[in-house]
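*Asks:* Mind folding the following:
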Amino acid sequence: MGDNLILSFRPDLKIKEEAGKIYLQSPVRSLVCQRVSRGLRQSMKTLTAGGGSEDFLSELAFKEDGAGGLANFYYHLQQFIERGFISYNVMMEQEILAIYTPLLRSPSF
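*Replies:* Below you'll find the predicted structure:
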């Protein structure tokens, strides 16, 4: 996706951690993440705290979990995208040009 496209969790997404599971709830969709690895947890924290490029997020997962964790990261990222949990910030020279937050599930971006 490139460094000029920053992924983050949508602002109205509610996240709760309980008994080793992470619950995500948007106004219309929900997801429960079980057996969350350190790399996925780090990527999710980054998505919550302003986000990062897909390359940056995948590097976080790889550093913590190795190659096997990368598949887990991409599986969950796809789940987040399909449920409309991800906002996209188009950047140019560290300034936001546009923000896209899907209103419906499975957006075509």
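
*Asks:* what's the helix or strand for the residue nearest the centre of the chain?
*Replies:* The centre of the chain sits closest to L47, judged by C-alpha atoms, centre = their mean, with a distance of 4.9 Å. In this structure, L47 sits in helix 38-48 according to DSSP states H and E.

*Asks:* Just the mean pLDDT for the next helix or strand after that helix, thanks.
*Replies:* Remark: after helix 38-48, the chain's next helix or strand is helix 54-82, criterion DSSP H and E. If you average the pLDDT over helix 54-82, you get 93.

*Asks:* Not counting its own residues, what contacts the very next helix or strand once past helix 54-82?
*Replies:* Using DSSP H and E, the helix or strand that follows helix 54-82 in sequence is strand 86-92. Strand 86-92 is touched from outside by 3-11, 47, 51, 77, 80, 96-102, 109, with contacts defined as C-beta atoms under 8 Å, 6 or more residues apart in numbering. Bear in mind the C-beta positions are built from the backbone N, C-alpha and C, glycine included.
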